[in-house]
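1. predicted model and sequence follow; I will ask about them next.
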Amino acid sequence: MSKFYSMQVSIINPVRNKIRAIMMLALLAAGLVFCGTAAAGFVPANSPRIKTMGRWIPTDNGSLNAGRGAVIASAEFEGTGVWAQMYSDSQRDVWWLKKLDDGPFERFKSHMGTNVLYQNLPPGKHQLTIIRETEGMQGVTILRGFFFVGEKGSVDLTSAATPTSGNPERKDAVGPGIVSGNTDGKEPLPQDQPKRRSIEIIGDSVAAGAFIYPEGDYFQRESGYLAFGPRLARMLDADWSCVASSGEGAVRNNEEKAPYTAKHAEEQIERAFYTQQEPRWNSDMDDPDLVILAYGENDFNDAANRPSDEYFKTQYKKLILKLRQFRPNSVIFCMTPANTVTSRQCVPGMGGAVAELRAEGDTRVYFIDLNANGPLLDSSDFLDGVHPLGSGHEKIARHLRNRVQSIMGWN
């Protein structure tokens, strides 16, 4: 998995200080988990060994922070176990997938401190992948790094010094008394990789994969990995970034009431973290080939006070223009909801906005009406007529694959 993004910004001081304070408390508590005779080499999250996709923000202490949508981190290691040191700026539940080698994906809920992912593995080389499935509404994840148990250069965790040596202010600190397993002080240099295809998906709860899993609370049932966007990317062997927020609309949010002054997609699109105004994600940090805008469901869910076609067209056009400033080189797909009722309501404004922009010279923006030839999904593909189940997301992904192959020439 290649590095999808070249991340060259730091979190502004107020955000950084808040996260450092949280990490310090968690580090003190984490000292309780380092027991037994295990030896583990620590690799900070921003090491070239760690491959990522999605909106990860690096910090000056070696962490990577994510809080906008589904993200991926993966690494190769040689040893008998792997632990992830993770923190959060909230106490909300965040669900992840983990996968080792060619094994199945398993879900886990992250907690503050050291998360034991795998242990008692056969010695040798292994491939680890972790994927945040929960949208950024649940807060910012701080991935401090990984302990690779039994890897060359490891230290005995039972000989750790006092927890104060884990002060996050120190750039060489990686935990309570733990030092980097890289004893020569040199990180391997990343190898140049050809640019991979890349897709960014920006949208609402459907794009976030709400209700894909059958049981649990709202966020436990959500899967940013199994939603249509990442499915599409996997079909096309492309990297992906999923930036989705439940309830968000292009001009109206879910159940929003007059005077409709809430923050909508245009104001939110450049946030690196859903829960914070700063830092911003800028166009220098990635360059997706394709961006899929997936809004409209929340804009029209108040039948008595729905926006007029003209108003929706005007505001939706502003959203695309903002996105075009942010994504100057990308092909943009403006996609209707899968729900046929809402889809028909979106068509005049959404299609009209795209037609005007193309007439004005932006021929890299396309209107994608999922139901142009009749309902794409059956009733059995929905949970509630709005949120697709796994079968619905698969159908959407396959429909989009055909459009991508036709428009972009991807095989």
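-> Nice, I can see it. In this text, all values refer to a predicted model and were calculated from it rather than measured experimentally.
2. next, count neighbours for the nearest residue to residue 137 once chain neighbours are set aside.
-> Nearest residue to residue 137, sequence neighbours excluded (CB to CB, 6 or more residues apart in numbering): residue 274, at 5.5 Å. The way it works is simple: take the backbone N, C-alpha and C, and place the C-beta from them, glycine included. Applying other CB atoms under 10 Å, we find 21 residues neighbouring residue 274.
3. which residues are in contact with residue 274?
-> The contact partners of residue 274, taken as CB atoms under 8 Å, 6 or more residues apart in numbering, are 67, 68, 69, 135, 136, 137, 245, 268.
4. for residue 236, same thing?
-> Here residue 236 is in contact with 197, 199, 401, 404, 405, 410 (criterion: CB under 8 Å, 6+ apart).
5. so what pLDDT did it get?
-> For residue 236, the pLDDT comes out at 97.
6. against residue 291, how distant is it?
-> 14 Å (CB to CB, to the nearest Å).
7. surely residue 348 is in a helix?
-> Yes: per DSSP: H, G, I helix; E, B strand; the rest coil, residue 348 lies within a helix segment.
8. show me what contacts it?
-> Taking CB under 8 Å, 6+ apart, one finds 309, 312, 313 in contact with residue 348.
9. hang on, the first one packs against residue 349?
-> By that I understand residue 309. Yes: between residue 309 and residue 349 there is a contact under CB atoms under 8 Å: 5.0 Å.
10. the two: who's more crowded?
-> residue 349 (25 against 16).
11. I'd guessed that one sits against residue 313; true?
-> Yes: using CB under 8 Å, residue 349 is in contact with residue 313, at 3.9 Å.
12. quick one on the thing from earlier: do you know how far the residue nearest to residue 137 is from residue 96?
-> For residue 274 relative to residue 96 (CB to CB), the value is 17 Å.
13. go on, residue 349?
-> Counting by CB to CB, the gap from residue 349 to residue 96 is 37 Å.
14. got the contact list for the closest residue to residue 121 other than its chain neighbours?
-> Nearest non-adjacent residue to residue 121, counting by CB to CB, 6+ apart: residue 80, 4.8 Å away. Counting by CB under 8 Å, 6+ apart, residue 80 makes contact with 119, 120, 121, 122, 123, 149, 150.
15. ramachandran coordinates for residue 127?
-> phi -120, psi 120 (degrees, to the nearest 10).
16. and residue 150, how many neighbours does it have?
-> Neighbours around residue 150, by other CB under 10 Å: 18.
17. grab the nearest non-local neighbour of it.
-> residue 79 is the one closest to residue 150 (CB to CB, 6+ apart), at 3.7 Å.
18. ok, now residue 401?
-> residue 235 (5.0 Å).
19. and residue 273, what does it touch?
-> 57, 65, 66, 67, 68, 136, 140, 279.
20. let's see that with 10 Å instead.
-> Going by CB atoms under 10 Å, 6 or more residues apart in numbering, residue 273 touches 11, 15, 55, 57, 65-68, 89, 136, 139-141, 279-281.
21. buried ones among these?
-> Buried members of the contacts of residue 273, counted by 16 or more other CB atoms under 10 Å: 11, 15, 55, 57, 65-68, 89, 136, 139-141, 279, 281.
22. for the closest residue to residue 383 other than its chain neighbours, phi and psi?
-> Distance criterion CB to CB, 6+ apart; nearest residue to residue 383, sequence neighbours excluded, is residue 211 at 4.7 Å. Main-chain torsions, residue 211, degrees, to the nearest 10: phi 70, psi 20.
23. touching, residue 211 and residue 221? I think so.
-> Yes: using CB atoms under 10 Å, residue 211 is in contact with residue 221, at 5.2 Å.
24. now do the shared contacts for these two.
-> Joint contacts of residue 211 and residue 221 (CB under 10 Å, 6+ apart) are 383, 387.
25. any stretches of this protein with poor pLDDT?
-> For the chain, residues meeting the criterion pLDDT under 70 lie at 1-39, 153-194.
26. and the helices in it?
-> Counting by DSSP state H, the chain has these helices, from start to end: 13-30, 205-208, 228-235, 265-268, 309-326, 340-359, 390-408.
27. quick check: buried residues in the fifth one?
-> Across helix 309-326, burial judged by 16+ other CB under 10 Å covers 309, 312-321, 323-324, 326.
28. can you redo the helices of the chain as a markdown table with distance to residue 285?
-> Formatted as a markdown table, the helices of the chain follow (distance: least, CB to CB, whole Å):
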| stretch | distance to residue 285 |
| --- | --- |
| helix 13-30 | 17 |
| helix 205-208 | 20 |
| helix 228-235 | 18 |
| helix 265-268 | 17 |
| helix 309-326 | 11 |
| helix 340-359 | 25 |
| helix 390-408 | 22 |
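29. please name the nearest non-neighbouring residue to the residue nearest the centre of the chain.
-> For the chain, residue 70 is the residue whose C-alpha lies nearest the centre (CA atoms, centre = their mean; 2.5 Å). Excluding its sequence neighbours, the residue lying closest to residue 70 (CB to CB, 6+ apart) is residue 224, at 2.7 Å.
30. now swap in residue 57 and tell me
-> Per CB to CB, 6+ apart, closest to residue 57 is residue 65, 4.7 Å.
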